[in-house]
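Q: Sequence first, then the predicted structure, then my questions.
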Amino acid sequence: MRVLGVEGTAWAASAAVFEFDPDAVADADPPVIETDAYQPESGGLHPREAAEHMGEAIPAVIETVLDAADGPIDAVAFSQGPGLGPCLRIVGTAARALAGTLDVPLIGVNHMVAHLEIGRHGADFDSPVCLNASGANAHLLGYHDGRYRVLGETMDTGVGNALDKFTRHVGWSHPGGPKVEEAAKDGEYIDLPYVVKGMDFSFSGLMSAAKAAYDDGVPVEDVCFSLQETIFAMLTEVAERALSLTGADELVLGGGVGQNARLREMLASMCEARGAEFYAPEPRYLRDNAGMIAVLGAKMFLAGERLDVDDSAVDPNCRPDEVAVTWRDDESVTLTPTAGDERRGAEAVVTVEQAGEGDAPAVDGAASVVKRRVPKAYRHPELDARLRRERTVAEARLTSEARRHGVPTPVVFDVDVAEATLTFEHVGDRDLAAALTPARARTVGEHLATLHEAGIVHGDPTVRNVRIEDGRLFLIDFGLGYHSGHVEDHAMDLHVFGGSVRGTATETAAADVLSAFEAGYAAVGDEAVISRLRKIERRGRYQ
């Protein structure tokens, strides 16, 4: 069988034919791809010019791959969204016309899901976490309860667009990513803002600091080097946090920025250190391309997906978590067990020690927990040392301060800043992920509201960072925490908790849990925080 794929979300006018055996899709030869990329003369991508290019190039690339096809076409798949509306409409029109002419089914494909699926297809992974790093996007996806859930994402701009903003400031032409990568080869490290909030992240402050550094005379090579080291370390860290949250041990990379060698090196290093598998497709599948549209279109076709012409309007704002995943088994995330004497999280190795063992203090015969923030080989040594030191100090201070304000937390027994090691009272026999109920979520909401009233932001309040002991809930892991009375920062705490719930609970259960969580927060805290949460939720890509 053969599926024709057509891609045109932004700059790449692309067509592909994927020929496969329905009983062995994974063993098929790679699709034949033809791409004609739009290249602006100056500045960034111009939507009108991109659409004009799309209108001229799409017929030609389709004709080329049809000529190369070894037999009739059985279905036409096209990128239905997200992307630039004018470009998408041209591709949608071409796909509808071609499907009608050939009298074959039409299939609408989500461009971002296709980035994930081409990686899963190439790696033959079962259920990986996917880091999509492209021009307009930067987010983490994980399959759960019939959809690809957004586990974390940029709160302002896509990673490629962030790099382009800096290179336009410098006066370099589009695209900026390859030019940053080249200049970085001769650079040295300077400190830039590093903004991670749970599994979400932000680039705006980082880019402003990079522009200011360049304007102040810092060599552009040093700024480019540090941009890569900082941005890609942020992406690698949140990818590891997603692996830790879900218990997944497979990671795939998608998106054009994934062509950067330093990003791939960081992700591979992180996965090797935690015993996970990593796969990055070859560059032609990382860039926008019709091959991934054709491959996912084939899987959807075999699953019985068909799109009526009346329902085939493009959607420039379609999010990946809006797509019902019909082409794979109803798998779910597998939450790793929390029992045992040693656990590896995203940041640290946590060891449970009985009283009298090693350096464990003998406090009423109770066990203690030793948390060691291990060095991250993927991060620049100066950045890694700074983060380990700052987070160790913040966790010790805020854990104790939260306790003084009435929020249950473990007692801090010892702090070794030089070794980035903390010793805590052992609390809980499981985490909230293992026993999530609306009543417990309400209590978490109350605890967070109490923290915020005291001017404390937790920074990473996920279902993994709440421990349960005899019905009592303890908040742990304040490493990303800080002091703030700003409603925005408080609302981000709620957003992070909500993302962890949606990524690990069923859709029905998540709705009940989050309703109770917000009710608990509103009963103790400022209702303005809930209002700001709604605004934050609308900031995600394509909201």
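A: Nice, thanks for sending it over. Numbers count the residues shown, from 1 in each chain.
Q: For the stretch 201-350 of the chain, which segments count as helices?
A: 204-215, 220-246, 261-274, 283-286, 290-302 (DSSP state H, counting those that start in this stretch).
Q: In the shortest one, which of the residues would be classed as buried?
A: Right, the one you point to is helix 283-286. Buried residues in helix 283-286, counted by 16 or more other C-beta atoms under 10 Å: 285-286. For glycine as for every other residue, the C-beta is placed from the backbone atoms N, C-alpha and C.
Q: cool, stretch 193-208 as well?
A: In stretch 193-208, the ones that count as buried by 16+ other C-beta under 10 Å are 194-203, 206-207.
Q: Rounded mean pLDDT for it, please.
A: Confidence over stretch 193-208 (mean pLDDT, whole number) is 94.
Q: now do stretch 156-165
A: 91.
Q: Going by neighbour count, list what's buried in it.
A: Buried residues in stretch 156-165 (16+ other C-beta under 10 Å): 156-165.
Q: can I get the residues you listed in CSV with secondary structure and distance to residue 240?
A: Below are the buried residues of stretch 156-165 laid out as CSV (DSSP: H, G, I helix; E, B strand; the rest coil; distance: C-beta to C-beta, whole Å):
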residue, secondary structure, distance to residue 240
156, coil, 22
157, coil, 22
158, coil, 21
159, helix, 17
160, helix, 22
161, helix, 24
162, helix, 21
163, helix, 22
164, helix, 26
165, helix, 26
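Q: what's the closest of these to residue 420?
A: residue 159 (27.9 Å; C-beta to C-beta).
Q: so what's that closest one up against?
A: 133-135, 137-138, 203, 231, 235, 255, 257 (C-beta atoms under 8 Å, 6 or more residues apart in numbering).
Q: Tabulate those residues (a markdown table), appending distance to residue 169.
A: A markdown table is the format used below for these (distance: C-beta to C-beta, whole Å):
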| residue | distance to residue 169 |
| --- | --- |
| 133 | 21 |
| 134 | 21 |
| 135 | 17 |
| 137 | 21 |
| 138 | 20 |
| 203 | 14 |
| 231 | 15 |
| 235 | 21 |
| 255 | 23 |
| 257 | 18 |
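Q: Which among these count as buried?
A: 133-135, 137-138, 203, 231, 235, 255, 257.
Q: Output the below-cut-off pLDDT ranges for the stretch 51-200 of the chain.
A: For the stretch 51-200 of the chain, no stretch has pLDDT under 70.
Q: thinking again about what came up before, what is the nearest of the buried residues of stretch 156-165 to residue 455?
A: Nearest member of those to residue 455, counting by C-beta to C-beta, is residue 156, at 24.5 Å.
Q: doesn't residue 206 make contact with that closest one?
A: No - Residue 156 is not in contact with residue 206 according to C-beta atoms under 8 Å; the separation is 9.9 Å.
Q: for the buried ones among the contacts of residue 159, which one is nearest residue 145?
A: Nearest to residue 145 among these, with distances taken as C-beta to C-beta, is residue 137, at 22.2 Å.
Q: roughly how far apart are that closest one and residue 77?
A: 20 Å (C-beta to C-beta, to the nearest Å).
Q: what do you get for residue 328?
A: Taken as C-beta to C-beta, the span from residue 328 to residue 77 is 17 Å.
Q: who has more neighbours, the two?
A: residue 77 (33 against 14; other C-beta atoms under 10 Å).
Q: What are the neighbouring residues in contact with that one?
A: Contacts of residue 77 (C-beta under 8 Å, 6+ apart): 3-6, 95, 106-109, 293-294, 296-298, 300-301.
Q: Specify the beta-bridge partners of it.
A: Beta-bridge partners of residue 77, counted by DSSP bridges, are residue 5, residue 107.
Q: Tell me the first helix or strand C-terminal of the helix or strand residue 390 falls within.
A: Following DSSP states H and E, one finds residue 390 within helix 381-404. Using DSSP H and E, the helix or strand that follows helix 381-404 in sequence is strand 412-416.
Q: now could you export just the CA positions of that next one as CSV?
A: The C-alpha trace of strand 412-416 is given here as CSV (Å, rounded to 0.1, in the frame of the first residue of the first chain):
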residue,chain,number,x,y,z
VAL,A,412,16.1,18.8,57.8
PHE,A,413,18.8,17.0,59.8
ASP,A,414,21.9,18.0,57.9
VAL,A,415,23.1,20.2,54.9
ASP,A,416,26.4,19.7,53.1
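Q: May I see the buried residues of that strand?
A: 412-413, 415.
Q: related to what we said a few turns ago, could you dump the helices of the stretch 201-350 of the chain to JSON lines with distance to residue 397?
A: What follows is the helices of the stretch 201-350 of the chain, written out as JSON lines (distance: least, C-beta to C-beta, whole Å):
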{"stretch": "helix 204-215", "distance to residue 397": "23"}
{"stretch": "helix 220-246", "distance to residue 397": "21"}
{"stretch": "helix 261-274", "distance to residue 397": "28"}
{"stretch": "helix 283-286", "distance to residue 397": "42"}
{"stretch": "helix 290-302", "distance to residue 397": "47"}
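Q: Can you say which of the ones you listed is packed in most?
A: helix 290-302 (a mean of 28; mean count of other C-beta atoms under 10 Å).
Q: Out of the buried residues of strand 412-416, flag the one nearest to residue 441.
A: Closest to residue 441 out of the buried residues of strand 412-416 is residue 412 (26.1 Å), distances taken as C-beta to C-beta.
Q: I figured the closest one hits residue 402, correct?
A: No - Residue 412 is not in contact with residue 402 according to C-beta under 8 Å; the separation is 10.7 Å.
Q: quick one, phi psi at the spatially most central residue of the chain?
A: Geometric centre of the chain, nearest residue: residue 140, 1.9 Å, by C-alpha atoms, centre = their mean. Main-chain dihedrals, residue 140, degrees, to the nearest 10: phi -110, psi 130.
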